[in-house]
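>>> show me how the following folds:
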Amino acid sequence: MVYREGQVQETQVRPPAPGEVVWIHLRDPDEETAQHVLQQQFDCHPLVVEDILHFGQRPKVDHYLHVERPQALISFYALHTDLTPLEFCLVLGHDFVITVERSPVAELAEVRQRVLAQPDLLASPGRFAYALLDLCVDHYADVVARLEDRLDSLERHVFDRPQSPVAGLIFRMKRQVGRVRRLVADGRNVVGALAHESFPFTTERESVYFVDVYDHATRVVDALDAIRDNLSGLLDLQTAQRANRLNEVMKTLTVISTIFLPLNFIVGLYGMNFQDIPELHWRYGYLYVWSLMLAVASGMMVYFKRRGWW
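This is a model prediction of the structure:
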């Protein structure tokens, strides 16, 4: 895409003419294509080409200013809805932007539509970088919102069914949150570097917008920290819930055992093999023993209830 005087048009890959800003997008380029576009047409540093051909790096900003065409390499990540990180790179110059992806990145496709609708987004490399990184950070916030919904659902599940085996799910979610948190924190550092006034490819006016993106990324990092702490607390909560449940069961069994203790004594007393037991030949002896046991059991139940033991 070539921007000139408020208009954007698509053309063959070529260096920008005076007064133009070009955006070139490469998807999974081979070494020959990368060498041709980056080195031969845009005089990119060999280390830029090497990083483009070898993905898998942490988010970063590398400056290459002491070359014929000054440039900066930005490695950044978008997040898929299933928390899969998707790496892409930006190469910024004073009058060009080159983006590279291995797998389709939805944010790059969305920025393309925005550039077609608002050509001024390509008026400078800094403005284009802001539009792209701001979109990525906004999607980070959407991912965090979904994680918070999952956490709320998990908390309700633990409250309702404390015996359910959710420890494995919690640990997997903690690992996911930790991985996303590292990604977002490194991305925040990248945005912070772009917001610095000494970054050569953004104007002072554009730096203010990167500060806003930095603030959004900071809120995302804080939210991820809170989710991770809540997940750790959720394990402790489940352990406490199980302990409370076990205590309730033991208390009930203890109360029942205590109620039957005097009844066993009464039955054992009248079960002795002595002939001179007064109630042994009494006509109402059997009814008397049953009445005695029911009265003792009822009295103990009322006593325990009033004391709040049952």
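>>> now for the closest residue to Glu31 other than its chain neighbours: which residues touch it?
Nearest residue to Glu31, sequence neighbours excluded (Cβ to Cβ, 6 or more residues apart in numbering): Leu53, at 5.9 Å. C-beta coordinates here come from the backbone N, C-alpha and C atoms, glycine included. By Cβ atoms under 8 Å, 6 or more residues apart in numbering, the residues touching Leu53 are 29, 31, 34.
>>> for Val22, what are phi and psi?
Backbone torsions of Val22, given as degrees, to the nearest 10, read phi -110, psi 150.
>>> where does the closest residue to it other than its chain neighbours land in three-state SS?
The spatially closest residue to Val22, leaving aside those adjacent along the chain, is Pro16, at 4.5 Å (Cβ to Cβ, 6+ apart). Three-state assignment for Pro16 (DSSP: H, G, I helix; E, B strand; the rest coil): coil.
>>> who's in contact with Pro16?
2, 22, 95-96.
>>> now the most centrally placed residue in the chain: which helix or strand?
Residue closest to the average C-alpha location in the chain (Cα atoms, centre = their mean): Val177, at 3.9 Å. Val177 belongs to helix 167-195 when assigned by DSSP states H and E.
>>> which strands or helices does whichever helix or strand comes after that helix pack on?
Counting by DSSP H and E, the next helix or strand C-terminal to helix 167-195 is helix 204-270. Under the contact definition 3 or more Cβ pairs under 8 Å, 6 or more residues apart in numbering; DSSP states H and E, helix 204-270 sits against helix 125-160, helix 167-195, helix 285-307.
>>> for Phe210, which of the ones you listed is the nearest?
helix 167-195 (3.7 Å; Cβ to Cβ).
>>> can you give me the buried ones in that closest one?
Within helix 167-195, the residues scored as buried using 16 or more other Cβ atoms under 10 Å are 170, 173-174, 176-177, 180-181, 183-188, 190-195.
>>> do stretch 53-70 as well
59-61, 63-64, 70.
>>> restrict it to CA atoms and write it as CSV.
What follows is stretch 53-70, C-alpha atoms only, in CSV (Å, rounded to 0.1, in the frame of the first residue of the first chain):
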residue,chain,number,x,y,z
LEU,A,53,13.5,-15.5,9.2
HIS,A,54,13.7,-16.9,12.8
PHE,A,55,10.5,-16.2,14.7
GLY,A,56,10.1,-17.2,18.3
GLN,A,57,11.6,-14.2,20.1
ARG,A,58,10.3,-12.2,23.0
PRO,A,59,8.6,-8.8,22.3
LYS,A,60,11.4,-6.3,21.7
VAL,A,61,12.5,-3.2,19.9
ASP,A,62,15.9,-3.1,18.1
HIS,A,63,17.3,0.2,16.6
TYR,A,64,19.5,0.3,13.5
LEU,A,65,20.2,4.0,13.1
HIS,A,66,23.8,4.1,11.8
VAL,A,67,22.9,2.7,8.4
GLU,A,68,22.0,4.3,5.1
ARG,A,69,18.3,3.8,5.7
PRO,A,70,17.7,4.1,9.5
